[in-house]
Structures are given as structure tokens and as C-alpha cells.
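[1] next one to model:
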Amino acid sequence: LTDGQQIYHNLISLIDNAQHSIYISTFIFRPDEIGKEIRDRLVLKARQGLDVRVLLDGFGAIQTGRRFFVPLAEAGGKYAFFMHRLFRGRTNLRNHRKIIIVDNQTVLAGGANIGKEYLGPEPDPKRWQDLSFILKGPAVRSYLEIFHSDWAFTIGTDDVPAQAEPAGYYDSPNVAIVQVVPSGPDIPGDPLYDAILTSLYNARHNIQIITPYFIPDEPLLYALQLAVRRGVQVKIIVPAKSNHMIADIVRRIYLREMLRVGAEIFFYTPTMIHAKTILVDDTLVMIGSANMDSRSLFLNYEVMLITYSRPQITQIQTWMARIEKACIHCELKAGFMRILFEHVIRLFSPLL
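    Residues are numbered from 1 along each chain as shown. Take a look at the predicted model:
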């Protein structure tokens, strides 16, 4: 799903056709016209007796008060704030996952939150460019387990949704080999970080990265630089201007380092690009919620889907090529004072 209209219409269809349950985990649920429409459709389904649950991050949903979800609770649905902002010392740990599960059979996931800047019924030139996907089959179980774990952590084990088996083999021309990789304080080790780092070191031909924020740690930066030096074509696409000014300032240091070794850097100019995608050697693609920064990789609760199947990889390649055509090449010349200022701001990069 390569634009906000597709994401919106697929989400509406999933909600309207749900028969048993709707589970939503999102970082942001705006109380705007799109958020209200989604909430009202969830209220209708809760009144019909479906198990409707909405899990929001306490920090990301800071603009969405509990009053907004009172109609859902009155209809029999449930909502909760993960790591509520009032819990001192926990606001630095954020659930950045975006997962929608319907009837334990279908997942809509990716990078888009719920709000008018992410999705809507009509074209909007100001809407952010994002990327999501629909998933069916046995891999749905992984998303169910993630949602169940997050809900149990937030509410308690006595209120965990009833277990149900997703479909085993989904008969579709879009059958793919996929791997669901969560990360966060609830996951032993750093499997997502390890998967990214390993794929970068194994790259032989090309690496393409689309991310709204590019603030890698030193090992990731070195892996990308080393890839360029051994002849791998590395392309990085970021928004010309993101929604975080400090992140835009700090990223210049890392982008300049990549330019110095010969990587190609592109600024996406039409609007904010919020998609998170990594393509390696035409053999694997990662799509999901994690940005290329330390917060996503070491602090946030995230989840990415890796696919190894040619049809899906080709679809993403086509989309990436279209995105690249809307970009301009990046040039980041700077004087001494500018570079000094960037490095001072860089001290705060682990918290961005």
C-alpha cells in the first residue's frame, strides 16, 4: 500500500468487514476528522459485539485524551495507553509499532499512524508519503503474539484477548516468504538491529534505504561506508524537510559522511516521506515501523517485516524508483561554524 488513500480504504474495508475482532496498536491516533471516523466505525463494531481493542503509546498519543475513546468504552470496546506519560521515567520507552489485526486472520501494518497526515479518502498534496502492507497466513501469528504481549504488559494478563489460530496457508498469487522481526526492551537481544547490520555487511550489489530520519549509530554508518568502498551501490532517500528540525540538523553529519565515500543521497521534495524501507541486493526488503536512528533501534518497541520473495521485492523496487524520480540529489556543503553547530546538536542524537 503505497499511499494514504490505499491505506485508508483498506483499513476501512477491514473494519467494516470484521466479524469477530479488531486489534489496533498505533503510536499516534489523532483526534482529527480521520481519527474520529475510524473511532466511530470501531464503536459501531463494538456495539455489534466484536472484541475491539485499541492500544496507544502514552507519549505518541499525548494529544488524544481518554475522553476521545469514551464512546468506544461505552460501546463495549477497550482502549489503553502503553507506558502512560504519567509514569515517570518511562516516557523514553515508546511503543512505535503500527499493527492492525482483524479476525486474527489479516494484518495491516507498516509505517502509517492514524491521522489525516497519514491517510484519507481523497488525494491530498500535503499528506505524508508512507508505506504499509496487508498480510495473511501463518505469519499473522507473530503479530498476534506481539499485540497480546503488549496488551498484557499494559493491562494485565487477566485481560489478554482469546487465542485463535490464523489461517495456515493462504492460497493467493501473492504468496511470499516473510519473517516478522520485532525489537524493543521486551525482545531478548537486538534481532532487528542484528538483521539490518548483517544484511548491510552481506550486500554485494546494491542497498537502498528510505527513512524519515537518518541518524545511524557508528556500526551502522561504518557498515554502509564499507559497502560503498567494496563497490556496492548505496542510495539513501530522506525527506527534504522532516517534521523534526533537530533530526534534520544532525542527519547532515551522517549524510555528509556517506557522500564523502561515494553514496548517493536524495531529498524527497513533494512532502514529508514517512516510509521505512531497506532493500538489499534485490534479495530482501524490510518494511515496518523502525526508523534509521538509535531511538527506533535501541529504545522503541518496533516491528519490521522482511520478505525474500521476488514479486514483492519487485513491487517495492518499482515504488522506490518512482520515489527517486520525485527527489533531488543532495549537496551538503558547510562551513566551519555550521559543522561545529551540527556536532554540538549531535550530542543529543541518541535521544532523538
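
[2] what does the pLDDT read for residue 62?
    pLDDT, residue 62: 84.

[3] cool, the one 4 residues further on as well?
    Each residue has a pLDDT score; the one for residue 66 is 89.

[4] what's the closest non-adjacent residue to residue 17?
    residue 102 (7.8 Å; C-beta to C-beta, 6 or more residues apart in numbering). The C-beta positions use only the backbone N, C-alpha and C, and glycine is treated the same way.

[5] tell me how many other residues crowd that neighbour.
    Neighbouring residues of residue 102 were enumerated by other C-beta atoms under 10 Å; the total is 23.

[6] again, but for residue 258
    By the other C-beta under 10 Å criterion, the neighbourhood of residue 258 contains 23 residues.

[7] if we can go back for a sec, now do the contacts for the residue nearest to residue 17.
    14, 15, 17, 18, 21, 22, 23, 108 (C-beta atoms under 8 Å, 6 or more residues apart in numbering).

[8] tell me the secondary structure at the last one.
    Using DSSP: H, G, I helix; E, B strand; the rest coil, the secondary structure recorded for residue 108 is strand.

[9] now the closest residue to it other than its chain neighbours: which helix or strand?
    In space, residue 108 comes closest to residue 100 once its chain neighbours are excluded; the distance is 4.3 Å by C-beta to C-beta, 6+ apart. In this structure, residue 100 sits in strand 99-102 according to DSSP states H and E.

[10] for the contacts of residue 102, which one is nearest residue 94?
    Of all the contacts of residue 102, the one sitting nearest residue 94 is residue 23; the distance, using C-beta to C-beta, is 18.9 Å.

[11] which one is the closest one nearest to, not counting chain neighbours?
    residue 101 (4.4 Å).

[12] surely that neighbour and residue 135 touch.
    No: using C-beta atoms under 8 Å, residue 101 makes no contact with residue 135, being 9.5 Å away.

[13] which one of these two has more residues nearby?
    Set residue 101 next to residue 135 and count neighbours by other C-beta under 10 Å: residue 101 wins out with 27 against 24.

[14] pLDDT wise, what is the residue nearest the centre of the chain at?
    Using C-alpha atoms, centre = their mean, the residue of the chain that lies closest to the mean C-alpha position is residue 289, 1.7 Å off. The pLDDT attached to residue 289 in the predicted structure is 97.

[15] again, but for residue 180
    98.

[16] over to the one 10 residues further on?
    The model reports residue 190 with a pLDDT of 90.

[17] likewise the one 4 residues further on?
    Listed pLDDT for residue 194 reads 96.

[18] where does it sit: helix, strand or coil?
    For residue 194, the secondary-structure state derived from three-state DSSP is helix.

[19] what ranges does the stretch 251-352 of the chain have for its helices?
    Applying DSSP state H, counting those that start in this stretch to the stretch 251-352 of the chain gives helices spanning 294, 310-325, 336-346.

[20] ok now the second one, how far from the chain's centre?
    In other words, helix 310-325. Between the mean C-alpha point of helix 310-325 and the mean C-alpha point of its chain there is a distance of 18 Å (C-alpha atoms, centre = their mean, to the nearest Å).

[21] what's around residue 222, how many residues?
    Residues lying near residue 222 (other C-beta under 10 Å) number 15.

[22] host element of it?
    In this assignment (DSSP H and E), residue 222 forms part of helix 218-229.

[23] now that helix: buried residues?
    Within helix 218-229, the residues that qualify as buried by neighbour count (16 or more other C-beta atoms under 10 Å) are 220, 221, 223, 224, 225, 227, 228.

[24] equivalent analysis for stretch 42-49, please.
    If you call a residue buried by 16+ other C-beta under 10 Å, then stretch 42-49 has these buried ones: 42, 43, 45, 46.
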